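[1] Next comes the sequence, and after it the predicted model I'd like to discuss.
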Amino acid sequence: MALGGGTFLVQNKVLPGAYINFVSRPRAMGVMGERGVVCMGMELDWGPQEMMTVEAADFQTNAMEVFGFGYSHDKMKDMRELFCGAKTAKIYRINNGTAATATIGGMTVTAKYGGLRGNDLRVVVAENVDEEGMFDVATYMDMEQVDVQTVADIDSLEENKFVKFNGTGALTPTAATPLTGGTTEEVSGSGYTDFLAAAEKEDFNVLAYNGTDEVTKKLFVSFTKRLRDEEGVKFVTVLYDYPQADYEGIISVGTAKELVCWTAGMEAGAAVNESLTNRK
């Protein structure tokens, strides 16, 4: 019914016209999708400031490309704990930074992402031993070569997963030129607000925050209650030391904040008929 006729509930309408009720086709109840998805905002020194979907297998093989650090690096401890139980992680970088740069002759090299990790990049330009007039341009992260291109000049270079090249003309050979000036910004007040706005568009089983800021914890609790109680989106949020939430959708980890990621991963990976009570 158009023109403000309202919603038909009982035979009490006075405006003439057709009132139509739409009823969904009956469907089987209790159909469960695959579990194992954790959504988390993290303070990172590398990566885009957007929601990234990382599978467990991808993390083991491509952690350097996604987070700037290899799988076994100390900076990846939280991610390793997350994937003890999780199958998929939706990670949002809540801070940004200034990209590191370097100038080599007429070429400018810029880290693909802002952050301190960009300062660990180096670029080596050397004459190719097989082809005269060609140069090998290699990109290193710490001591690991992450890209190499054989080109004739600067214009032929293409950006890789770690740096962008700008400039024109001939290449200048250099042993190893480090990128400098990369900085990681502090988390702004809107960082976690932006993360939760992005998370609301995603599907996940567990939301996690391992920080200690009381205001941010309260923000996560309010977000969880709103989506669970008003929108019908059922998930669990894992926080560090916040028992005052006193809500069935909140898990408070009181031992150590380092256990938040492990708990979130295990909770997400647990089957609907499985309990983590007394889990070691």
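    Perfect, thanks for sending it.
[2] hey, where'd the strands end up in the stretch 101-250 of the chain?
    Under the criterion DSSP state E, counting those that start in this stretch, the stretch 101-250 of the chain contains strands at 101-104, 107-111, 121-127, 135-141, 144-151, 163-167, 174-178, 183-184, 206-209, 236-240, 250-253.
[3] Can you get me a residue count around Thr177?
    18 (other CB atoms under 10 Å). Glycine gets a C-beta too; all of them are placed from N, C-alpha and C.
[4] Let me fix that, I meant to ask about Phe204.
    Using other CB under 10 Å, the number of residues around Phe204 comes to 21.
[5] Could you report the pLDDT at it?
    For Phe204, the pLDDT comes out at 95.
[6] Apart from its neighbours in sequence, what residue is nearest Phe135?
    Once flanking residues are discounted, Phe135 sits nearest to Leu171: 4.6 Å by CB to CB, 6 or more residues apart in numbering.
[7] deepest of the strands of the stretch 101-250 of the chain, which one?
    strand 206-209 (a mean of 27; mean count of other CB atoms under 10 Å).
[8] Show me what that one is packed against.
    Other helices and strands packing on strand 206-209, by 3 or more CB pairs under 8 Å, 6 or more residues apart in numbering; DSSP states H and E, are strand 37-42, helix 214-225, strand 236-240, helix 259-269.
[9] so the second one versus strand 236-240, what angle?
    Using axes from the mean of the first three to the mean of the last three CA atoms, to 10 degrees, one finds that helix 214-225 and strand 236-240 are set 170 degrees apart in direction.
[10] So what touches helix 214-225?
    Residues from elsewhere that reach helix 214-225 (CB atoms under 8 Å, 6 or more residues apart in numbering): 192-193, 196, 200, 207, 209, 211, 235, 237, 239-240, 242, 245, 247, 249-250.
[11] With just CA atoms, put that helix into PDB.
    C-alpha atoms of helix 214-225 as PDB (Å, rounded to 0.1, in the frame of the first residue of the first chain):
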ATOM      1  CA  GLU A 214      38.900   0.800  29.100                       C
ATOM      2  CA  VAL A 215      37.000   3.100  26.700                       C
ATOM      3  CA  THR A 216      37.800   0.900  23.700                       C
ATOM      4  CA  LYS A 217      36.700  -2.200  25.600                       C
ATOM      5  CA  LYS A 218      33.400  -0.500  26.400                       C
ATOM      6  CA  LEU A 219      33.000   0.400  22.700                       C
ATOM      7  CA  PHE A 220      33.500  -3.300  21.800                       C
ATOM      8  CA  VAL A 221      30.900  -4.400  24.400                       C
ATOM      9  CA  SER A 222      28.300  -1.800  23.000                       C
ATOM     10  CA  PHE A 223      29.000  -2.900  19.500                       C
ATOM     11  CA  THR A 224      28.600  -6.600  20.400                       C
ATOM     12  CA  LYS A 225      25.300  -6.000  22.300                       C
END
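[12] This completes my enquiry, with thanks.
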